[in-house]
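Q: structure here, sequence nowhere to be found:
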């Protein structure tokens, strides 16, 4: 997972530091065009990574930023993210876009008394759930974004590190399966979640 500075145009538009999830597609140009037809907004021209892969960055129909990339090699860091949670301004619209364009499969709909209905989803060809989407339009102070959950072996130690590095920690909270979750901001304001 490379760490790169925000592009000057993004900074000029007031973008804050964030993790950028990337979806591999066979044809970045065609998929980007189709995504726009579903209501996404391109955030710059399609580019090329040093290894030759093509990439595009878009704001999806519900307001979250996402990348498209052509296929490439994967290292062990790609297995660190264990859950993909989207806060969106239009869950129905993003459900249609992601299922139609990327083949994601919608699964359970779980109601939470404070945070609304969470739509679970799975990757194509998998029965294992990979994440959730929740509509945040009624949630004051929240913005549309992907929140990536990373597994750690020792949650308390990891949260102590976040505090020591002047990050922000919300939680931890107990999940129904007994696992614990904390939502964090790193020192530059990029949000992420830790599970352990």
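A: All right, it came through fine. These numbers were taken from a predicted model, which means no experiment stands behind them.

Q: ok, which stretches of the chain are strands?
A: For the chain, applying DSSP state E gives strands covering 22-24, 41-42, 47-48, 54-59, 65-69, 81-88, 105-112, 116-122, 129-135, 145-151, 168-174, 180-185, 191-195.

Q: any idea which residue sits dead centre in this protein?
A: The structure's the chain has its C-alpha centroid closest to residue 146; by CA atoms, centre = their mean the separation is 2.7 Å.

Q: list the residues that contact residue 166.
A: Residues near residue 166 by CB atoms under 8 Å, 6 or more residues apart in numbering: residue 187. (Glycine included, C-beta is placed from N, CA and C.)

Q: what's across from the residue nearest to the centre of the chain in the sheet?
A: For residue 146, the beta-bridge partners under DSSP bridges are residue 86.

Q: where's the residue sitting furthest away from the middle of the chain relative to residue 115, distance?
A: Largest separation from the mean C-alpha position in the chain: residue 164, at 25.1 Å (CA atoms, centre = their mean). Distance of residue 164 to residue 115, given as CB to CB, to the nearest Å: 29 Å.

Q: also residue 64?
A: Taking CB to CB, one finds residue 64 at 16 Å from residue 115.

Q: contacting residues for the nearest residue to residue 107 once chain neighbours are set aside?
A: The shortest distance from residue 107 to any non-neighbouring residue, by CB to CB, 6 or more residues apart in numbering, is to residue 120 (4.4 Å). Going by CB under 8 Å, 6+ apart, residue 120 touches 106-110, 129, 131-132.

Q: make a markdown table out of those and add distance to residue 152 and pLDDT.
A: As requested, the contacts of residue 120 are exported to a markdown table (distance: CB to CB, whole Å; pLDDT from 0 to 100):
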| residue | distance to residue 152 | pLDDT |
| --- | --- | --- |
| 106 | 29 | 97 |
| 107 | 26 | 96 |
| 108 | 26 | 92 |
| 109 | 29 | 89 |
| 110 | 24 | 89 |
| 129 | 20 | 95 |
| 131 | 18 | 96 |
| 132 | 20 | 96 |
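
Q: select only the buried ones of those residues in PyMOL?
A: To isolate the buried ones among the contacts of residue 120 in PyMOL, judged by 16 or more other CB atoms under 10 Å, type:
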select buried, resi 131+132
